[in-house]
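Chemist: One predicted model, sequence on top.
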Amino acid sequence: MEILNKFSKRFNKRDDVKKASESEIKNFESEFGIVLPNDFKKFIAEYGNIWTPDILDIIVDNEIELNDVQNFWDIETISFDKKNEWTSQISTDLIPFASDSMGNIFGFLSADLKTEKESSSVYFFDHDFNTVDKIADSFSEWINEFNKL
């Protein structure tokens, strides 16, 4: 997908990315009883846990109303958080996949991941206010918002 490639080439600052293997993805899906969206699976398999610190500077410098994304998580981090950290403690059943510069979390609703789909809505968990809000209709659409910066 050109959208994902453009995003990774422009924003990734991590040299040692961990990409997800097909078996890691399948095991994760099986463990949590979900089917991750195809565009997200492609992203974590091809680009991995990229780090995008420049997005915050662009948003702040241009006074843009958009939550920055800074860290995309590898499968192990997603699983650990889901079992032990923030997303294990909130009432919304969220599958986390990234965080912003302040530690807020981006994720998918587990309820949206029951069948195979090209994409799924993205939600934002604000840990200061303990709220979960839908911020994009699809993962690719969300990524493309950053490409427009």
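Modeler: Noted; the coordinates are in hand. Just so you know, these numbers come straight off a predicted model, no measurement behind them.

Chemist: what comes up buried for the helix or strand bottoming out on mean pLDDT in the chain?
Modeler: None of the helices or strands of the chain scores lower by mean pLDDT, DSSP states H and E than helix 86-89, at a mean of 78. Residues of helix 86-89 classed as buried by neighbour count (16 or more other C-beta atoms under 10 Å): W86, T87. Glycine gets a C-beta too; all of them are placed from N, C-alpha and C.

Chemist: which residues are in contact with that helix?
Modeler: Helix 86-89 is touched from outside by D81, K82, L94, I95, P96, I105, G107, F125, H127, with contacts defined as C-beta atoms under 8 Å, 6 or more residues apart in numbering.

Chemist: Equivalent analysis for stretch 129-139, please.
Modeler: With C-beta under 8 Å, 6+ apart as the test, stretch 129-139 has contacts from 37, 39-40, 43, 67, 90, 92, 94, 106, 108, 118-126, 142, 145.

Chemist: Flag every buried residue along it.
Modeler: Using 16+ other C-beta under 10 Å as the test for burial, stretch 129-139 gives V132, A136, S138, F139.

Chemist: Dump those residues into a markdown table; add distance to G48 as well.
Modeler: Formatted as a markdown table, the buried residues of stretch 129-139 follow (distance: C-beta to C-beta, whole Å):
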| residue | distance to G48 |
| --- | --- |
| V132 | 25 |
| A136 | 21 |
| S138 | 20 |
| F139 | 15 |
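
Chemist: T77: which of those residues is nearest?
Modeler: F139 (17.4 Å; C-beta to C-beta).

Chemist: Sketch out the strands for this protein, chain order is fine.
Modeler: Assigned by DSSP state E, the chain shows strands spanning 71-72, 94-99, 105-109, 122-126, 131-136.

Chemist: Serialize those to CSV and add fields for distance to P53 and mean pLDDT.
Modeler: Below are these laid out as CSV (distance: least, C-beta to C-beta, whole Å; pLDDT from 0 to 100):
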stretch, distance to P53, mean pLDDT
strand 71-72, 9, 98
strand 94-99, 12, 96
strand 105-109, 16, 97
strand 122-126, 18, 96
strand 131-136, 20, 96
